[in-house]
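Q: Predicted structure and sequence below. I'll ask about it afterward.
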Amino acid sequence: MKLGAFSISLAVKDLTISKEFYEKLGFTVFAGDLKMNYLIMKNGNALVGLFQGMFPKNILTFNPGWDENANALSSFDDVRKIQTHLKSNNLKLEQEADLKTTGPASIMLTDPDGNQILIDQHV
């Protein structure tokens, strides 16, 4: 199963302070907008999303169909295929994609320790 690009999405208290902190670690702004309360920071292949006021806790994020530069992949497992696989393995999904659709969709589940996992397809 190909989950696509991986990033950690952090729920931050102050986006500007977090941006400055990650810049000191060598990250640069890759996407997002301070005015929209989120930034995607990049350092090599590492991606960290900074989100202020958008969700209550940190989320592990996978993007089927994208590489770490947000370039579309020619071959990937659609989020609906991933959903079917997860459900066939008796994993409970908190958010499901509509199997009748194509294109962008997302699913969400929680690991045994309470960490949320978002599988968010943009293509």
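A: Good, I have the coordinates. Numbering: from 1, shown residues only.
Q: Identify the residues contacting the residue nearest the centre of the chain.
A: Among the residues of the chain, Thr61 comes closest to the average C-alpha position under CA atoms, centre = their mean, at 2.7 Å. Thr61 makes contact with Phe6, Ser7, Ile8, Ser9, Gly49, Ile117, Leu118, Ile119, Asp120 under the criterion CB atoms under 8 Å, 6 or more residues apart in numbering. Quick note: C-beta positions are derived from backbone N, CA and C, even for glycine.
Q: so of these, which ones are in strands?
A: Using DSSP state E, the subset of those located in strands is Phe6, Ser7, Ile8, Ser9, Gly49, Ile117, Leu118, Ile119, Asp120.
Q: Make TSV from these and add distance to Ala105 and neighbour count to it.
A: Below are those laid out as TSV (distance: CB to CB, whole Å; neighbours: other CB atoms under 10 Å):
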residue	distance to Ala105	neighbour count
Phe6	18	13
Ser7	18	21
Ile8	21	13
Ser9	17	22
Gly49	19	21
Ile117	15	18
Leu118	12	18
Ile119	9	24
Asp120	8	21
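Q: still on that earlier bit, measure the residue nearest to the centre of the chain to Val48 for me?
A: Using CB to CB, to the nearest Å, we find Thr61 at a distance of 10 Å from Val48.
Q: Thanks again, I'm all set now.
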